[in-house]
Each structure stands twice: as structure tokens, then as C-alpha cells.
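Participant: Whatever this is, show me its structure:
(one chain, ligands or ions: 1)
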Amino acid sequence: MSEHAQPSFAAAVAAITALLPERLQKPRVGIVCGSGLGGIVDCIRELVLVPYNKIPGFSESTVPGHKSSLAFGLMGPGEGVPVVAMLGRFHPYEGHHMRAVVYPIRVMAKLGITDLIVTNAAGGLNPKLAVGTIVVIHDHLALPNISGMNPLLGPLMSPEHQRFIPLSDAYSPALRRLMFLAAHHLKLEPSALAEGTYAWVSGPTYETPAEGRFLRLAGADVVGMSTVPEVLAAREAGLNVMALSLVTNAVVIPDGYRSIREEVLAELAGKRVELPVADVVSHDEVLEVGKAKGEVMMKLVEWVVGSIPSGV
Ligand SMILES: O=P(O)(O)O[C@@H]1C[C@H](O)[C@@H](CO)O1
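Facilitator: Reported below is the predicted structural model:
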């Protein structure tokens, strides 16, 4: 999608609904699956996959761990709630224009979803968050937004859309509450589910130790390369939003940084020193943790979807 192209939402909606049985055509809840977290399809009944290349205006995800399909079906107990899950998202670092990044959210809103659950893999900045912890995001810190790369820059979507969007309660307290009830219901250890602030960075480089410390000092608990654009587009469309991070690696090491100076001086003095060494993160590690711990996230999402009263 080019910078100024305004895709036709009607064409996208028509292409999608033509591929779905009637009972799946009006999903109530949208889900965005983060890196390695596409296993959510296992919780969807009567599954129908709609590949992105069949939907006008959709791009293709180029990141390992992101498939390029929308998954439609039913989730939760009883008759089930009609859902649509994005198996693969678009990140600006792949070269997608910001409009392409948020386009699927706007299409899901046009399909009629009222609630959006966004998931991601993220690096831990808060040393209390062990790898594998799931963090319910209650706020975000978006340096790109503050410095002129806000995903909502540009002409208003339509005269009905709000120009100035408050973000003080962007992450629905009602949905966050449901998530902690889900953890209780599923008998998770209290430490398995935390809450915190997500820092959005553009990537694709991971943070330097100094950047990690900076974001931590600024108040962030986790850091990642997605989610915020989707949340903004969802709030613009009036959706209730919840976002979850799976901590896949530690960014900030608690004891500071490895000092070569101290090491050399100690060595010359005939002493042995064991200084902390920063974790060298890789996308493979991110996917591995997603695979190992993603199932808990899926179960939580499934419980919440089944428990959202219409119009929370
Ligand atoms: O799509 P998400 O935010 O889950 O993916 C994270 C951020 C980068 O895309 C990638 C880095 O490993 O994982």
C-alpha cells in the first residue's frame, strides 16, 4: 500500500464475507497474534482461514512466526463467540507504511468487532518480570508518537472519526479486570500475570543496554516493536482494547553493565571477577519462548473472550 493510497474498506469487507459462512461474518472480538503466538487457532472452532493475499489492501507479513491469514471462527463455551484473529501483523520496520500497519484493525472494526485483544512478544525492562511472565498492559510509552511518527497522522478517516483521541484509559479497565479473573479461574500462580507499561520502539534492532536503562528509567516495564499503532487505530474506531505482552527475554540486567576496565584491573591485580553479561537476544529465542509459554496466553485469551458481556 503506498503512502497516500486510501484502500477501499468496502472492497475488503466484501472479499472477506464472500469467503465466510453467514454465522462467522460478524465477529465480535478481534485478536492480534504476536511473534510465535499464532497457536490461538487451536482454540477456534469452525475455523475458516482467509489469506491476506485474498483481501484488497492487505500486505504480507515478512517476519518468521507471523503467518499471513485472518482466522475466523467461534471461541469460548456454549455456542461460542464469533472471533477474527490476525495470524501475523505488519511492523513498520518491515517497510510497511503506517497506514498498512493499522489497516487490518480498521477492516476488523468495519466487520463489526467491539473488542480487540492485542498480543506481542516483548523484552523485559523491569527486573521483577521473569522470562515467561505475561504482562497486562495498562499504559504505553511511545517515543515515536511523541516525536512525530504517530500512526494516526494524516487526514481523518471519515468525518465521524475523532481528531483528538484521549489515551488516558486506552487499555480497558473492564477487560484488564477480566484477564486477572481469568488467571484466577485457570489457577495460575499470581506471579504468572503482571501489569505494566509497554514502550514502543521501531526496531528492527534490539535495544542497546543504555537504551534499555533509559526506557526503564522513563517508567516502562516491557519493550517491543508493535501493538501501539494497532491500539491507536482501535481507539480511533471506538473499540475496547486489551493488550498482553509475553516477556521473551530480559533487556535490562539488574546489576548494571559489564565493565572491561574493572575486569582488566582485577585481572592485573591477580583477582577473579564475575561481572554480569548482557543477554544477546535473537528472534529465534523470542519464538522459542513464545512456543513454550504461548499456550497459557491462549487459554487466558479464550477465557476472557468467553466472558466478555456484549458491550463491556
Ligand atoms: O509482533 P511482535 O511485537 O510480537 O514481535 C516482536 C517484536 C519484533 O517484531 C520481534 C522481535 O523478536 O518480536
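
Participant: All the helices of the chain, residue numbers only.
Facilitator: For the chain, the helices defined by DSSP state H occupy 9-17, 98-111, 143-146, 173-185, 209-217, 228-236, 260-268, 283-307.

Participant: Would you convert those helices into JSON lines that also reports mean pLDDT?
Facilitator: Shown next, in JSON lines, are those (pLDDT from 0 to 100):
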{"stretch": "helix 9-17", "mean pLDDT": "94"}
{"stretch": "helix 98-111", "mean pLDDT": "95"}
{"stretch": "helix 143-146", "mean pLDDT": "86"}
{"stretch": "helix 173-185", "mean pLDDT": "96"}
{"stretch": "helix 209-217", "mean pLDDT": "91"}
{"stretch": "helix 228-236", "mean pLDDT": "97"}
{"stretch": "helix 260-268", "mean pLDDT": "86"}
{"stretch": "helix 283-307", "mean pLDDT": "90"}
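
Participant: which bits of the stretch 151-300 of the chain sit near the ligand?
Facilitator: Residues of the stretch 151-300 of the chain lying near the ligand by C-beta under 6 Å from any ligand atom: 203, 224-226, 283, 286. For glycine as for every other residue, the C-beta is placed from the backbone atoms N, C-alpha and C.

Participant: could I get those residues as JSON lines with neighbour count?
Facilitator: Putting those into JSON lines (neighbours: other C-beta atoms under 10 Å) gives the following:
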{"residue": "203", "neighbour count": "16"}
{"residue": "224", "neighbour count": "27"}
{"residue": "225", "neighbour count": "23"}
{"residue": "226", "neighbour count": "29"}
{"residue": "283", "neighbour count": "16"}
{"residue": "286", "neighbour count": "23"}
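
Participant: In contact with the residue of the stretch 1-150 of the chain found nearest the ligand, which residues?
Facilitator: Residue of the stretch 1-150 of the chain nearest the ligand, by C-beta to the nearest ligand atom: residue 34 (2.8 Å). Residue 34 is in contact with 89, 118-121, 224, 226-227, 245-246, 290, counting by C-beta atoms under 8 Å, 6 or more residues apart in numbering.

Participant: repeat for residue 37
Facilitator: Counting by C-beta under 8 Å, 6+ apart, residue 37 touches 65, 119-121, 246, 290, 294, 297-298.

Participant: again, only using 7 Å
Facilitator: Residue 37 is in contact with 119, 121, 246, 290, 294, 297, counting by C-beta atoms under 7 Å, 6 or more residues apart in numbering.

Participant: cool, residue 250 as well?
Facilitator: Neighbours of residue 250 in contact, by C-beta under 7 Å, 6+ apart: 124, 131, 279.

Participant: now, which of those residues lie within strands?
Facilitator: Among the contacts of residue 250, the members found in strands (DSSP state E) are residue 124.

Participant: Tell me the most packed of the contacts of residue 250, by neighbour count.
Facilitator: residue 124 (27 neighbours; other C-beta atoms under 10 Å).

Participant: Mind listing the residues bridging to it?
Facilitator: When bridges are taken as DSSP bridges, the partners of residue 124 come out as residue 222, residue 250.

Participant: returning to what we had before: of the contacts of residue 34, just the buried ones, PyMOL syntax please.
Facilitator: Buried subset of those, written as a PyMOL selection, criterion 16 or more other C-beta atoms under 10 Å:
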select buried, resi 89+118+119+120+121+224+226+227+245+246+290
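
Participant: What sits closest to the residue of the stretch 1-150 of the chain closest to the ligand if chain neighbours are left out?
Facilitator: Nearest non-adjacent residue to residue 34, counting by C-beta to C-beta, 6 or more residues apart in numbering: residue 120, 3.7 Å away.

Participant: Report the separation between the one you found and residue 158.
Facilitator: 28 Å (C-beta to C-beta, to the nearest Å).

Participant: that older thread, dump the contacts of residue 34 to CSV, plus distance to residue 187.
Facilitator: As requested, the contacts of residue 34 are exported to CSV (distance: C-beta to C-beta, whole Å):
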residue, distance to residue 187
89, 30
118, 25
119, 21
120, 25
121, 24
224, 28
226, 30
227, 28
245, 22
246, 19
290, 22
